[in-house]
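Undergrad: Generate coordinates for the sequence data below:
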Amino acid sequence: MNRLPLFFLGTLAVAAAADAGAQSLDTQRAQLKAAIDNAERGQYDPAQAAALSRHPLYGWLEYANLRRTVDTVSNAQAQDFLKRYNGQAVASSFRSVWLPAVARRQDWPTLLANWVPTDNVGLRCAQLNARQATGKADAQWTTEAQAIWRSTGKSLPDACDAVFAVLDAKGGLSAELRWARIDAAADEGQPAVMRSAARGLPAADLALANTYAAFVDKPNASALNWPRTARSQRIATDGLAKLAKADPAATEQQLPQYASALQLSAAQQAQVLYQIALWTVASYGPDSARRLNAVPESAYDERLHEWRAREALSRGDWPQALTAIRKMGSTQRNDSRWRYFEARMLEKTGKRSEAQAVYREAARAATFHGFLAADQLGQPYTLCPWEPNDSRQAQAAVARDPAIVRAMELFKIERSGWAVAEWNDALSRYDTTQRRIAVEVARDNGWFDRAVFSLGKTPDEQRLYALRFPLHHDDTIRRESLRNAIDPAWVAAEIRAESIFNPKARSPANAMGLMQVLPTTGASVAKSIGLANYGGAASLYDPDTNIAIGTAYLRQLMDKYQGLPYVTIAAYNAGPTPTARWQTQRPGFDPDIWIETISYKETREYVARILAFSVIYDWRLNGDALPVSDRMNGRLQAKRKTFTCAANADKGGD
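TA: This is a model prediction of the structure:
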């Protein structure tokens, strides 16, 4: 593929650096980052800012200063900023923080003069408040306010309270509208919203609505005396379905009396039975099979279909698992996961020849289960990579786009939220080819996650493996993997899944760096391996240190879990307690079935994803791959697999 040798050649960033007295772009970047940091601390330096006025990110420096003092920014300042950066992401970002400040001081003419349509409900309500205060609460105003009232059964922003008060005073909140919001809130399990919406109803209706809300909060016998109306039936169904999540047994016990008293329809009873079954089987309770069988087939969806199959697998009931898979809809059943398990169940029930044909169908997909199917058949893995050959002109056009320039610069100074705003602005104008080239630009600048978040909109984009599975720090990965006797493709797969190769990644749980290591784990592992240069939690942002610690931690987990990578991967994601429970519940299970019966959806999919990613990274590192059936069992010396692109292969990938 033709690539630009250096991303910033010919870009605005180079011009900015030249204008600043031939200083290097890196120096400009460091100065800009420091200036933004200072502005946010209230130490904005006009002289420093002036020296950076030709930098592509100067608008964001101004934004940082204006945002800090947004409640005191004059209208003239704000409108000048919006005019100068009209059409850019920085203007949209500023408007989104400035207009709420305008609303807080009730400067309604200014808000209306600077209004642009938005999906932000709080701002939409602020604009309605402005129109009402300036005498523009016409019929269209009423229609828009009612639309927001009906839009959700969840709580709405405080700015909407005044809108609804005026709407009520104008006679725009009929009993019908109030009941509509009560119904929607019941469906969402929001009793507080139900009570709020009920205010203004006639006394008798208000009392009934509050009784309904109390039932959704906690089902009680008052419902046995409710009027036998469609609304009572709906509320009772909502309340019982909510209870089922917390206490399936109690819900199952109570359902008959409510069904009889309120004459719940078969469909409404099925809605509750669905939840009873779901929250029983989600933890493989002893009544799982019975409660699943109590749900009418008409109430099954993909989620419950797969849980029925999984529950049978957890009991080793192969005929029942096969029956459950064959009851799935065609789209779900034809997924490589369930094609594979259908073949496995055929094999388990003595139908080897029939299983072969189904394995062949599953093996067309470049997925964990597709790879497993290929192993069963003893055939190469299917992988059909696509390397587009875009022109230099097309590449250069995207690379020079000012929004892309700004996005890359913002990424480099670790302003990821702002960078994404610029990125989204650019992609909103791009066609499929330009979007793909933008991802290549991001990849070449070390911003690897753009491939994950921006590709996959077309089937062919799934085949962009070089973009979707970036490879960085591979020398360190190979070195630390060898040191710890860990497959390097596995380590690369963990990094791809955990951080998408972002060394500065940090999770809400404070997991840090490429392999998302917790500080406590980092300190413990660093001590155990005698890592002399470990400097505390901040060291986890250093790629070499993070990979060294993360790989050593995988080795420690492998030693704990009998050298079984598939169990180790589960523990890496979920922790030791649930992993021990799963081992105790299903000892001796085949690895593929053990993985599929993990009760946590996140971990179940994580294990399958890591093993699939490992195959693809093996291909990227070595051109062939350790069979996934051997890989998940820790057999690193098995005969390696080749890859082929079959004519009828599915578009594979994550």
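
Undergrad: show me where pLDDT drops low in the stretch 1-150 of the chain?
TA: 1-25 (pLDDT under 70).

Undergrad: All the helices of it, residue numbers only.
TA: Using DSSP state H, counting those that start in this stretch, the helices found in the stretch 1-150 of the chain span residues 12-19, 25-40, 46-51, 58-68, 75-84, 89-104, 108-113, 121-133, 139-150.

Undergrad: Could you export those as a markdown table, including mean neighbour count and distance to Pro503?
TA: From N, CA and C alone the C-beta is placed, and that goes for glycine too. Listed next are the helices of the stretch 1-150 of the chain as a markdown table, based on neighbours: other C-beta atoms under 10 Å; distance: least, C-beta to C-beta, whole Å:
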| stretch | mean neighbour count | distance to Pro503 |
| --- | --- | --- |
| helix 12-19 | 17 | 22 |
| helix 25-40 | 18 | 17 |
| helix 46-51 | 13 | 28 |
| helix 58-68 | 21 | 23 |
| helix 75-84 | 14 | 34 |
| helix 89-104 | 20 | 25 |
| helix 108-113 | 17 | 42 |
| helix 121-133 | 21 | 36 |
| helix 139-150 | 16 | 43 |
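
Undergrad: Could you dump those helices into TSV with distance to Gln395 added?
TA: Listed next are the helices of the stretch 1-150 of the chain as TSV, based on distance: least, C-beta to C-beta, whole Å:
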stretch	distance to Gln395
helix 12-19	16
helix 25-40	20
helix 46-51	32
helix 58-68	25
helix 75-84	30
helix 89-104	22
helix 108-113	41
helix 121-133	38
helix 139-150	45
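
Undergrad: of these, which approaches Ile569 most closely?
TA: Evaluated with C-beta to C-beta, the helices of the stretch 1-150 of the chain place helix 25-40 nearest to Ile569, the distance being 37.1 Å.

Undergrad: and that closest one, what does it pack onto?
TA: If you count contacts as 3 or more C-beta pairs under 8 Å, 6 or more residues apart in numbering; DSSP states H and E, helix 25-40 packs onto helix 12-19, helix 46-51, helix 58-68, helix 402-412.

Undergrad: Quick one: list the elements packing against the shortest one.
TA: Taking 3+ C-beta pairs under 8 Å, 6+ apart as the contact definition, the neighbouring helices and strands of helix 46-51 are helix 25-40, helix 58-68.

Undergrad: which one's the longest helix in the chain?
TA: helix 601-622 (DSSP state H).

Undergrad: what comes into contact with the very next helix or strand once past it?
TA: On the C-terminal side of helix 601-622, the nearest following helix or strand under DSSP states H and E is helix 628-631. Contact partners of helix 628-631, identified using C-beta atoms under 8 Å, 6 or more residues apart in numbering, comprise 368, 371-372, 375, 487, 490, 565, 611-612, 614-615, 636, 638.

Undergrad: try 10 Å
TA: 368-372, 374-376, 381, 487, 489-490, 565-566, 591-592, 608, 610-612, 614-615, 618, 625, 635-641 (C-beta atoms under 10 Å, 6 or more residues apart in numbering).

Undergrad: And for stretch 345-352?
TA: 309, 312-313, 316-326, 338, 341, 343, 353-359, 376, 590, 593.

Undergrad: That stretch spans what distance, first to last residue?
TA: For stretch 345-352, the first-to-last residue distance is 9 Å (C-alpha to C-alpha, to the nearest Å).

Undergrad: Buried ones in it, by neighbour count?
TA: 345-348 (16 or more other C-beta atoms under 10 Å).

Undergrad: Need those in TSV (columns: pLDDT and secondary structure).
TA: Formatted as TSV, those follow (pLDDT from 0 to 100; DSSP: H, G, I helix; E, B strand; the rest coil):
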residue	pLDDT	secondary structure
Met345	98	helix
Leu346	98	helix
Glu347	97	helix
Lys348	97	helix
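
Undergrad: Export those residues as TSV, with columns for distance to Ser629.
TA: Shown next, in TSV, are the buried residues of stretch 345-352 (distance: C-beta to C-beta, whole Å):
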residue	distance to Ser629
Met345	17
Leu346	18
Glu347	14
Lys348	16
